[in-house]
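Engineer: compute the structure for the input listed below.
(2 chains)
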Amino acid sequence: MFKNLTIGQHYPVESPVHNLDPRVKIIITFIFIFSLFLIKSFTAYLVVVAFLAVAIITSKVPIKFVLKGLKPIFLIITITFIINLLMTPGKIIYEIGFIKITEEGLKQAGFMAIRLTLLIMGTSLLTLTTSPIILTDGIESLLKPFKRIGVPAHELAMMMTIALRFIPTLMEETEKIMKAQKSRGADFESGNIVNRAKNLVPLLVPLFISAFRRADDLAMAMEARCYRGGDNRTRMRQLKIHRGDYVAAFIFVIYLATIIISRIW
Amino acid sequence: MDIIKIENVKYKYSKEDTKYAVDTVSLNIKKGQFTAIIGHNGSGKSTLAKLINSLLLPIEGKIYVKDMDTSDDSKLWDIRQTAGMVFQNPDNQLVATIVEEDIAFGPENQGVESSEIRKRVDDALKAVGMYEYRTRPPHMLSGGQKQRIAIAGILALNSDCIILDEPTAMLDPSGRKEVMDTLKKLNKQGKTILLITHYMDEAVEADRVVVMDKGNIKLDGTPKEVFKNLKEIKKFGLDVPQVTELAQALKEEGLNIPSDIIHIKELVDLLCQ
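Structural biologist: Below is the predicted model:
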């Protein structure tokens, strides 16, 4: 059941957005998040929606997938909405008992909900259009300048790569251990939460032991293949800025300028 | 020319150990030779492999890989590049999430230029017959395929010599055949192969078989020379190829056949004369 598991939510198609340099995409996403906090009016959101719409359409990712990213945080959005709705003082437009809904509250709640929704959609688009490996490459390359102040850029990227590599392997192993223990009468499904957590111990112990053994083996295999940290290391796939990246940056600058102008007005 | 020279090497894992894991071993491996080292669990064969690759350093004695001393720190990376190593568990030696990225790992560590890495990766993938799998994630491959990827990873280092520590122990028969076929092919192309195994039918394919027991080399010679010593090999807790055993049993029953038969075809030809 874990065999076909895909890590992250990468949607592999060929599109201009997929082909963008990961560094460009990461920076754009980053500034995009900040730009959302600059917005003070509903009309400015239209600019964001337009920008996102263009990005999603050119990425060829079905809108369904972009919206899927909202599912896990739907609860957070709802709670934020309700809190803002009820807690903002101002002109009361509706009242039952102690619940008071104000005009300002309604406005504020809607504002926050839209902001969060757009934020998640924007960041989802980054992970949907960039495979985890390329994303890791991008992060490594972006963090490199900070190496001098002690940011372990290469080590972080290596850790991410190894984690990505071993997630399916460990998942498979978990499944195997679970089956082996179920066949000997272990029960992972019934009982209350405390019992269930207790039952997980015999699953986690062998899993951890095997993970450590794997780590030991991997370290030796890496050394045998001349691994000696990030210094003087080259990469087969090199990141290059193409024309598409300039186009994307240009479009983004226009977007950003519009947002800033709308704010000043 | 001897690519690997092992001179009176002793090694034990901790000071408290009374017995040496490798006890006064001397062995020379010729360039281009296909050598199989066989031995029971704990015979010191895997330790010996790690000593050659400089993953472990001998307590006594010297090991030279292409005339470089394995205890010389400044030669460490050259040694590991010359004598590449493939391990038993195919899952625990692949680093990257994409096959070609994994093969590039070695040359990337060496600081090779990116266009050259690309070329080496493609060549290595073609050499092990895995070119069409280059963009797959390794966890979707079979054990034999993963082990071929591991071998390709060593080829991309441009190693002259490939040391394999029981590479087929965790594979099914078809995976074992894939790996053996790959090794034979690479040996024909001039790579020195040092195969550690406990499958006799794999050892039969080698040019030379070395039998280890309790840290020592007990027998050394061509497969025919080694496997005719049926009784001695059994003493070390090992088997001989079934066909050798059958031939010797037939001989004891009075049939006039040699005792060094190691291939089924040989025996069939003899019996059908």
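Engineer: thought A:Gly95 was touching A:Thr102?
Structural biologist: Careful, residue A:95 is Glu; it's not Gly. No: contact criterion C-beta atoms under 8 Å: A:Glu95 and A:Thr102 do not qualify, at 9.5 Å. Glycine gets a C-beta too; all of them are placed from N, C-alpha and C.
Engineer: the two - which one has more neighbours?
Structural biologist: In this view A:Glu95 and A:Thr102 are compared by other C-beta atoms under 10 Å in any protein chain shown, and A:Thr102 has more residues nearby, 20 against 10.
Engineer: what bridges to that one?
Structural biologist: A:Ile92 (DSSP bridges).
Engineer: and the longest helix for the chain?
Structural biologist: Because you didn't say which chain, this covers chain A. Determined from DSSP state H, the single longest helix within chain A is helix A:193-224.
Engineer: was after chain B, sorry
Structural biologist: Looking across chain B with DSSP H, the single longest helix is helix B:173-188.
Engineer: average pLDDT for that one?
Structural biologist: Taken as a whole, helix B:173-188 has a mean pLDDT of 94.
Engineer: how about stretch A:161-171?
Structural biologist: Per-residue scores along stretch A:161-171 average to 89.
Engineer: now it: how far from the chain's centre is it?
Structural biologist: 18 Å (C-alpha atoms, centre = their mean, to the nearest Å).
Engineer: do that stretch and chain B come into contact?
Structural biologist: Yes: using C-beta under 8 Å from any C-beta of the partner chain, stretch A:161-171 comes into contact with chain B via A:161-162, A:164-165, A:168-169.
Engineer: what's the answer for stretch A:207-218, then?
Structural biologist: Yes: using C-beta under 8 Å from any C-beta as the criterion, contacts between stretch A:207-218 and chain B involve A:213-214, A:217-218.
Engineer: now do stretch A:131-144
Structural biologist: Yes: Stretch A:131-144 lies within reach of chain B by C-beta under 8 Å from any C-beta, at A:132-133.
Engineer: who touches that stretch?
Structural biologist: Here stretch A:131-144 makes contact (C-beta atoms under 8 Å, 6 or more residues apart in numbering or on different chains) with A:7-8, A:10, A:12, A:21-23, A:25-27, A:126-127, A:130, A:151, A:153-154, A:156-157, A:160-161, A:164, A:235, A:237, A:239, B:96-98, B:101.
Engineer: list the buried residues of the helix or strand that contains A:Gln108.
Structural biologist: Using DSSP states H and E, A:Gln108 falls within helix A:103-129. Under the neighbour-count criterion of 16 or more other C-beta atoms under 10 Å in any protein chain shown, helix A:103-129 has A:105-106, A:108-109, A:111-122, A:124-129 buried.
Engineer: relative to the whole chain's centre, how far out is stretch A:175-190?
Structural biologist: 32 Å.
Engineer: in it, which residues are buried?
Structural biologist: Neighbour-count burial for stretch A:175-190, counted by 16+ other C-beta under 10 Å, picks out A:177, A:181.
Engineer: now the end-to-end length of that stretch.
Structural biologist: Stretch A:175-190 has an end-to-end distance of 18 Å (criterion: C-alpha to C-alpha, to the nearest Å).
Engineer: still on that earlier bit, which elements pack onto the longest helix of chain A?
Structural biologist: helix A:153-182, strand B:83-86 (3 or more C-beta pairs under 8 Å, 6 or more residues apart in numbering or on different chains; DSSP states H and E).
Engineer: return the distance of the first one from the chain's centre.
Structural biologist: The one in question is helix A:153-182. With C-alpha atoms, centre = their mean, you get 19 Å for helix A:153-182.
Engineer: again with stretch B:43-53
Structural biologist: Distance, centroid of stretch B:43-53 to centroid of chain: 11 Å (C-alpha atoms, centre = their mean).
Engineer: ditto for stretch B:239-258
Structural biologist: Here the centre of stretch B:239-258 is set off from its chain's centre by 28 Å, with C-alpha atoms, centre = their mean.
Engineer: which residues are in contact with that stretch?
Structural biologist: So stretch B:239-258 is in contact with B:200-201, B:204, B:227-228, B:230, B:233-234, B:259-264, B:266-267, B:270-271, going by C-beta under 8 Å, 6+ apart.
Engineer: circling back to that earlier point, can the helix or strand following the longest helix of chain B be said to contact chain A?
Structural biologist: Downstream of helix B:173-188, the first helix or strand assigned by DSSP H and E is strand B:192-197. No: using C-beta under 8 Å from any C-beta, strand B:192-197 stays clear of chain A, coming no nearer than 13.5 Å.
Engineer: need the CA coordinates for strand B:192-197. PDB is fine.
Structural biologist: Extracted C-alpha coordinates of strand B:192-197, given in PDB (Å, rounded to 0.1, in the frame of the first residue of the first chain):
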ATOM      1  CA  THR B 192      39.200  -6.300 -11.400                       C
ATOM      2  CA  ILE B 193      36.500  -8.000  -9.400                       C
ATOM      3  CA  LEU B 194      36.700  -9.100  -5.800                       C
ATOM      4  CA  LEU B 195      33.500 -10.900  -4.900                       C
ATOM      5  CA  ILE B 196      32.800 -11.900  -1.400                       C
ATOM      6  CA  THR B 197      30.000 -14.500  -1.300                       C
END
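Engineer: for whichever strand or helix holds B:Ala36, packing partners?
Structural biologist: Assigned by DSSP H and E, B:Ala36 belongs to strand B:34-39. Counting contacts by 3+ C-beta pairs under 8 Å, 6+ apart, strand B:34-39 packs against helix B:45-52, helix B:173-188, strand B:192-197, helix B:200-203, strand B:208-213.
Engineer: residue contacts, A:Tyr246?
Structural biologist: Contacts of A:Tyr246 (C-beta under 8 Å, 6+ apart): none.
Engineer: can I assume it sits in a helix?
Structural biologist: Yes: counting by DSSP: H, G, I helix; E, B strand; the rest coil, A:Tyr246 falls inside a helix.
Engineer: okay, it: pLDDT?
Structural biologist: Here the pLDDT value assigned to A:Tyr246 is 95.
Engineer: and the gap between it and A:Asn19?
Structural biologist: 13 Å (C-beta to C-beta, to the nearest Å).
Engineer: same check, this time on B:Lys45
Structural biologist: Using C-beta to C-beta, B:Lys45 is found at 50 Å from A:Asn19.
Engineer: neighbour-wise, which of those two wins?
Structural biologist: Neighbours per residue (other C-beta under 10 Å) separate B:Lys45 from A:Asn19, with B:Lys45 holding more: 26 against 12.
Engineer: and the pLDDT at the closest residue to A:Arg228 other than its chain neighbours?
Structural biologist: Spatial nearest neighbour of A:Arg228, chain neighbours left out: B:Asn109 (6.6 Å); criterion: C-beta to C-beta, 6 or more residues apart in numbering or on different chains. Note for B:Asn109: predicted pLDDT of 93.
Engineer: now swap in the one 5 residues further on and tell me
Structural biologist: On the pLDDT scale, B:Ser114 is placed at 92.
Engineer: dihedrals phi and psi, it?
Structural biologist: Here is the backbone geometry of B:Ser114 (degrees, to the nearest 10): phi -60, psi -40.
Engineer: number of nearby residues for it?
Structural biologist: Around B:Ser114 there are 15 residues (other C-beta under 10 Å).
Engineer: I'd guessed it sits against A:Lys240; true?
Structural biologist: No: between B:Ser114 and A:Lys240 there is no contact under C-beta under 8 Å: 10.5 Å.
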